[in-house]
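[1] sequence first, then the predicted structure:
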Amino acid sequence: MDSQSQTDPSFKTERLYTRLTVKAIRELLIREKGYTEEELPSFD
């Protein structure tokens, strides 16, 4: 587990949750899923 992840608050699953910024999500969608800037909503 890294410092950016947290466990399920109920401790009923082994899932980890990671906080991501809107900018990071947009960059991942473009890089990993092939979206273009024009296809995604602006966050300005």
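    Looks like it arrived, so ask away. The structure presented is a predicted model; accordingly, all values stated were derived computationally and were not measured.

[2] now the residue minimising distance to the centre of the chain: how far from residue 12?
    A centroid search over the chain (Cα atoms, centre = their mean) returns residue 20, at 4.4 Å, as the residue closest to the centre. Per Cβ to Cβ, to the nearest Å, residue 20 is found 23 Å from residue 12. (C-beta placed from N, C-alpha, C; glycine too.)

[3] next: residue 27.
    From residue 27 to residue 12 the distance is 32 Å (Cβ to Cβ).

[4] could you do residue 19 as well?
    On the measure of Cβ to Cβ, residue 19 and residue 12 end up 21 Å apart.

[5] name the next helix or strand following the lowest-mean-pLDDT helix or strand in the chain along the chain.
    Least confident helix or strand of the chain, by mean pLDDT, DSSP states H and E, is strand 5-7 with a mean of 71. The element immediately downstream of strand 5-7 (helix or strand, assigned by DSSP states H and E) is strand 16-18.

[6] stretch 31-44 - what's its average pLDDT?
    On average, the pLDDT along stretch 31-44 is 91.

[7] circling back: who's more crowded, residue 27 and residue 12?
    residue 27 (12 against 7; other Cβ atoms under 10 Å).

[8] check which helix or strand the more buried one maps to.
    Using DSSP H and E, residue 27 sits in helix 22-33.

[9] count of neighbours near residue 6?
    Using other Cβ under 10 Å, residue 6 has 12 neighbouring residues.

[10] please apply the same query to residue 5.
    11.
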